[in-house]
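Asks: The following block contains a protein sequence and its predicted model.
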Amino acid sequence: MATTNLSDYDKSALNNAKDLKFGIVVSEWNSSITENLYKGAITTLLDNGALEENITRLNVPGSYELIFGSKYLLKQGKFDAIIAIGCVIQGETKHFDFVCEAVSQGIKDLNIQFDIPTIFCVLTDNTLQQSIERSGGKHGNKGVECAVAAIKMATLA
Ligand SMILES: Nc1c(NC[C@H](O)[C@H](O)[C@H](O)CO)[nH]c(=O)[nH]c1=O
Ligand SMILES: CC(=O)[C@@H](O)COP(=O)(O)O
């Protein structure tokens, strides 16, 4: 079943994020999409009590570099959750498959290697239109979904 609405969540079920620190790694590839994902994420974090001074942004060239960028922040040991934001869109070749596989496996590995959660906020779409629809369009904003996941994972106990 296709994505319904990525922006829907129950705010009453979330802990307040006022004491939490977040790192957000943002890919510069498809920046028109990743900037909208970032806006969705930071708006949701702030709406749930996070303080602007407790949110650190790090830009990386592409989604493949989200792994290294997330590890760079994780090793600082000062964040409660990391959100890795990217948008990979199918081109003419198999490169899409390799980038998507590498990023999903790499971020999975970070969640094993570190005790701080890294949230997979990466669109892996067939077309730009699909990405538009999932970054503030008819299917909502994956950045919202992932900010909610970050708050939940940062307050698991
Ligand atoms: N085609 C897309 C890329 N490709 C670039 C890679 O992510 C990487 O930066 C490069 O291979 C150098 O290591 N990245 C995206 O985020 N989205 C794409 O659609
Ligand atoms: C995901 C990619 O790397 C892809 O967009 C690059 O396009 P192409 O496969 O046409 O080289």
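Replies: In hand now; what should we look at? Ligands and ions are numbered 1, 2, ... in the order given.

Asks: Around ligand 2, pick out the residues from this structure.
Replies: 88-89, 91-93, 95-96, 99 (C-beta under 6 Å from any ligand atom). For every residue, glycine as well, the C-beta is placed using N, CA and C.

Asks: Please report which of the residues you listed has the highest neighbour count.
Replies: Among the residues of the chain next to ligand 2, Val88 has the most neighbours (other C-beta atoms under 10 Å), with 24 neighbours.

Asks: Looking at the residues of the chain next to ligand 2, which are in strands?
Replies: Using DSSP state E, the members of the residues of the chain next to ligand 2 that fall within strands are 88-89.

Asks: Turn the residues of the chain next to ligand 2 into JSON lines, including pLDDT and distance to Gly136.
Replies: Shown next, in JSON lines, are the residues of the chain next to ligand 2 (pLDDT from 0 to 100; distance: C-beta to C-beta, whole Å):
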{"residue": "Val88", "pLDDT": "98", "distance to Gly136": "18"}
{"residue": "Ile89", "pLDDT": "98", "distance to Gly136": "16"}
{"residue": "Gly91", "pLDDT": "98", "distance to Gly136": "23"}
{"residue": "Glu92", "pLDDT": "98", "distance to Gly136": "27"}
{"residue": "Thr93", "pLDDT": "98", "distance to Gly136": "28"}
{"residue": "His95", "pLDDT": "98", "distance to Gly136": "26"}
{"residue": "Phe96", "pLDDT": "98", "distance to Gly136": "22"}
{"residue": "Val99", "pLDDT": "98", "distance to Gly136": "23"}
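
Asks: wait, which of the residues of the chain next to ligand 2 is closest to Ala17?
Replies: Using C-beta to C-beta, Val88 comes nearest to Ala17 of the residues of the chain next to ligand 2, at 28.0 Å.

Asks: Test my guess that that closest one contacts Val103.
Replies: Yes - counting by C-beta atoms under 8 Å, Val88 touches Val103, with 7.2 Å between them.

Asks: what's the overlap in contacts for the two?
Replies: Common neighbours of Val88 and Val103 (criterion: C-beta atoms under 8 Å, 6 or more residues apart in numbering): 63, 122.

Asks: For the residue of the chain found nearest ligand 1, give me its contacts.
Replies: Nearest residue of the chain to ligand 1 (C-beta to the nearest ligand atom) works out as Gly62 at 2.2 Å. By C-beta under 8 Å, 6+ apart, Gly62 lies in contact with 27-29, 86, 99.
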